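> Whatever this is, show me its structure:
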Amino acid sequence: KRCATTGLQMGKTKVFIRSIAFERLEAMRSEMVGSAITRLQLFLRRKIRRLRIIRMQAATKIQSVYRMWQSKQRMLFRQRIDAATMLQRAWRIYVKKCMEYHQSRSKYS
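Have a look, this model is predicted:
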């Protein structure tokens, strides 16, 4: 079979291509390969961007949990300090009243 207009000639087991037809086929192939590479790059860049976003969200979540824990620790520490201050104040008032009581009793005795 012979396809004179396209520059192809087909035998039983081989296809013979003239240089003009080969150049057209090569141009079509390089266009398709370029398009496929562009699509692959787009897919990979999108995937990499998503992974970065997921990692950033995970890091943000870890920071948030750590900051909550840190805040709770500060609050508990503050509560302990306030409780100790309150106990010291109560003890000092008690000791002062005891001293006043004993001093007033010793005056009258």
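> Next secondary structure after the lowest-mean-pLDDT helix or strand in the chain?
Ranked by mean pLDDT, DSSP states H and E, the weakest helix or strand in the chain is strand 2-3, scoring a mean of 57. The helix or strand immediately downstream of strand 2-3 is strand 8-10, counting by DSSP states H and E.
> Now do residue 49 against residue 43, distance only.
Distance of residue 49 to residue 43, computed by CB to CB, to the nearest Å: 11 Å. C-beta coordinates here come from the backbone N, C-alpha and C atoms, glycine included.
> Over to residue 54?
Residue 54 sits 17 Å away from residue 43, going by CB to CB.
> Equivalent analysis for residue 11, please.
Distance from residue 11 to residue 43, counting by CB to CB: 40 Å.
> swap in residue 19?
Using CB to CB, residue 19 is found at 36 Å from residue 43.
> and if you look at residue 8?
Taking CB to CB, one finds residue 8 at 35 Å from residue 43.
> and the residue nearest the centre of the chain, what pLDDT?
In the chain, the residue lying closest to the centroid (CA atoms, centre = their mean) is residue 56, at 1.8 Å. Looking at residue 56, its pLDDT is 97.
> Doesn't it belong to a strand?
No. Assigned with DSSP: H, G, I helix; E, B strand; the rest coil, residue 56 falls outside any strand and is helix.
> dump the residue contacts of it.
By CB atoms under 8 Å, 6 or more residues apart in numbering, no residues touch residue 56.
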